[in-house]
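> Pasting a predicted model and its sequence here:
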Amino acid sequence: MHASPSPVPRTAGALLALSLTTVLAFGSAPAPSWAALPAAPDSTAPARPGSSSGPADAVAAQFGLSPSVARDLLRAQEEAARADAEAAEAAGPAYAGSVFDSSTLRLTVLVDTPSVAEEVRRTGARVEVVPRSADELDGVVAGLDAAGPRAGVVGWYPDPSEGAVVVETVDGASSEAAALVEDAGVDPAAVRVREGAEQAVPYAEVVGGRLFRTGGGVCTIGFAATASGEPGFLTAGHCGTAGAPVESIPAGASGTFQHSQFPGSDGAFVRVGPGWTLTNLVDDQAGGFVEVTGSQPAPIGSTVCTSNPYSGWRCGRILGRNHTVSYPQGTVHGLTRTDVCSGPGGSGAPFVAGSQAQGVTSGGSGSCVSGGTTYFQDVNPLLAMWGLELVTS
């Protein structure tokens, strides 16, 4: 009879620790590397279930157009793109960009040299002359990029119609923009400063089954929750200590561990900052979602499923509750045992029974090749302990 392997937390960091142990014990394994982990899939904005069947339908719904008008618009844009490429070749270094008017379906090609305008018109394009070419504006942008950010300066971009680079600031920060232009050494006449912009933030959705980055590696979002109305999500406690920063993948929106317990129990609440949108969804890793409508505990023997981008959508049964599990990093009490397989990077991943949230992945043993055991921290004790409210709509 073979002894069961010791369970381990399912962070990417735990995988690194295990790999390092192998190197020290046997001296023949290659050095571990974070790059050996699968790349996190870019899943920030998949289509929602029931979304429109094609681009024209989506455009029609968004802008209140008839389907035929939407199709005409998209066809005109495709023709404009082809015409723009031909006009750019004819204009050469004098090319300054182009602008498509979606109301008239007309393309205007911009050049910075009047003598070139007639040659471009021969391609059938409408032409206007502006002060600077696209290459000149790109050079101004590169100069500003090299000078670095400034407080109050939101960003900058080339405006081909104006023949200038626009530097956007919050109210009252025009002096910071002027300093940036001076430090960059670019022509001030090629820059327009516009106040009143809002500070941009990265966007990310709190969706169960998606990855986030911590100081110790990569973990998975469990369920969206709020603390006195403040947004956040549940995950595993061993993913980070209270006060530790987190970052969404791949958007880079930020957050902070507000509560975390490990060992003893294995749960955490991450408070998220601007740019995150809470949802009651769990990603099924196949382009769809499961909606979470509550957190009624399922009996032993019930079917449960978990989700993370590394292992995918995996299902199995609840084998027991109130398990005490001894990890190398410490002992955790009150876990639920399942025969669902998981793996590194899956820490914090949501467990659901139908539409009911059950818990967040703590750790386990085995693999999705040989079969495994995975333990989860029940969600309701975490909600009660920290006064949290699960997002269910």
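Received the coordinates, thanks. Owing to the predicted nature of the structure, the values given are computational and were not obtained by experimental measurement. Residues are numbered from 1 along each chain as shown.
> quick one: which helix or strand includes Val165?
Using DSSP states H and E, Val165 falls within strand 164-169.
> Pairing partners for that strand, with directions?
strand 153-159 (antiparallel), strand 191-194 (parallel) (DSSP bridges).
> out of these, nearest to Gly301?
strand 153-159 (55.5 Å; Cβ to Cβ). C-betas here are computed from N, CA, C, even on glycine.
> Which strand residues bridge Gln377?
Leu335, Val360.
> and if you look at Gly330?
Bridge pairing for Gly330 - DSSP bridges - gives Tyr327.
> how much space is there between it and Tyr157?
51 Å (Cβ to Cβ, to the nearest Å).
> Phi, psi for the residue nearest to Leu281 when sequence neighbours are not counted please.
In space, and not counting its chain neighbours, Leu281 is closest to Phe289: 4.2 Å by Cβ to Cβ, 6 or more residues apart in numbering. For Phe289, the backbone dihedrals (degrees, to the nearest 10) come out as phi -140, psi 150.
> so Phe289 touches Trp313, yeah?
No: if you go by Cβ atoms under 8 Å, Phe289 and Trp313 don't touch, sitting 10.9 Å apart.
> These two: who's more crowded?
Just comparing Phe289 and Trp313: by other Cβ atoms under 10 Å the higher neighbour count belongs to Phe289, 19 against 16.
> So for the more buried one, what's the pLDDT?
You'll see Phe289 listed with a pLDDT of 93.
> Who is it paired with across the strands?
With DSSP bridges as the rule, Phe289 is bridged to Asp283.
> ok, it to Val379 distance?
18 Å.
> what's the answer for Thr235, then?
On the measure of Cβ to Cβ, Thr235 and Val379 end up 11 Å apart.
> Got phi/psi on Val206?
phi -80, psi 100.
> Use 195 as the first number for this chain going forward.
Sounds good: first residue 195 from here, last item Val400.
> Confirm for me that it is in contact with Leu428.
No: with contact defined as Cβ under 8 Å, Val400 does not count as touching Leu428 (9.8 Å).
> what's next to stretch 341-348, contact-wise?
Residues outside stretch 341-348 that contact it (Cβ atoms under 8 Å, 6 or more residues apart in numbering) are 361-364, 366-367, 370-371, 373-374, 377-379, 391-394.
> among those, which ones are buried?
361-364, 367, 370-371, 374, 378, 391 (16 or more other Cβ atoms under 10 Å).
> Now render those residues as CSV, adding distance to Gly346.
Formatted as CSV, these follow (distance: Cβ to Cβ, whole Å):
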residue, distance to Gly346
Val361, 11
Glu362, 10
Thr363, 5
Val364, 5
Ala367, 3
Glu370, 5
Ala371, 8
Leu374, 10
Ala378, 16
Ala391, 10
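> Let me have those in JSON lines, extended by distance to Gly446 and pLDDT.
Rendered in JSON lines, the data for those read as follows (distance: Cβ to Cβ, whole Å; pLDDT from 0 to 100):
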{"residue": "Val361", "distance to Gly446": "23", "pLDDT": "93"}
{"residue": "Glu362", "distance to Gly446": "20", "pLDDT": "91"}
{"residue": "Thr363", "distance to Gly446": "22", "pLDDT": "91"}
{"residue": "Val364", "distance to Gly446": "20", "pLDDT": "90"}
{"residue": "Ala367", "distance to Gly446": "23", "pLDDT": "92"}
{"residue": "Glu370", "distance to Gly446": "23", "pLDDT": "94"}
{"residue": "Ala371", "distance to Gly446": "24", "pLDDT": "94"}
{"residue": "Leu374", "distance to Gly446": "23", "pLDDT": "94"}
{"residue": "Ala378", "distance to Gly446": "25", "pLDDT": "95"}
{"residue": "Ala391", "distance to Gly446": "20", "pLDDT": "85"}
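> returning to that earlier point: any shared contact partners between Thr429 and Val573?
416, 554.
> Mind checking which of the two has more residues around it?
Using other Cβ under 10 Å, the more surrounded residue of Thr429 and Val573 is Thr429, with 32 against 26.
> The more buried one reaches Ile415, doesn't it?
Yes: if you go by Cβ under 8 Å, Thr429 and Ile415 touch, sitting 6.2 Å apart.
> Between these two, which contacts overlap?
Counting by Cβ under 8 Å, 6+ apart, the residues touching both Thr429 and Ile415 are 406, 542.
> With adjacent residues omitted, what lies nearest to Leu299?
Ala270 (4.1 Å).
> Need the residues that contact the host helix or strand of that neighbour.
Taking DSSP H and E as the criterion, Ala270 maps to helix 261-285. Outside of helix 261-285, the residues within contact range by Cβ under 8 Å, 6+ apart are 249-251, 253-254, 257, 259, 289, 292, 294, 296, 299, 301, 303, 305, 310, 313-314, 316-319, 321.
> residues near Gly528, how many?
17.
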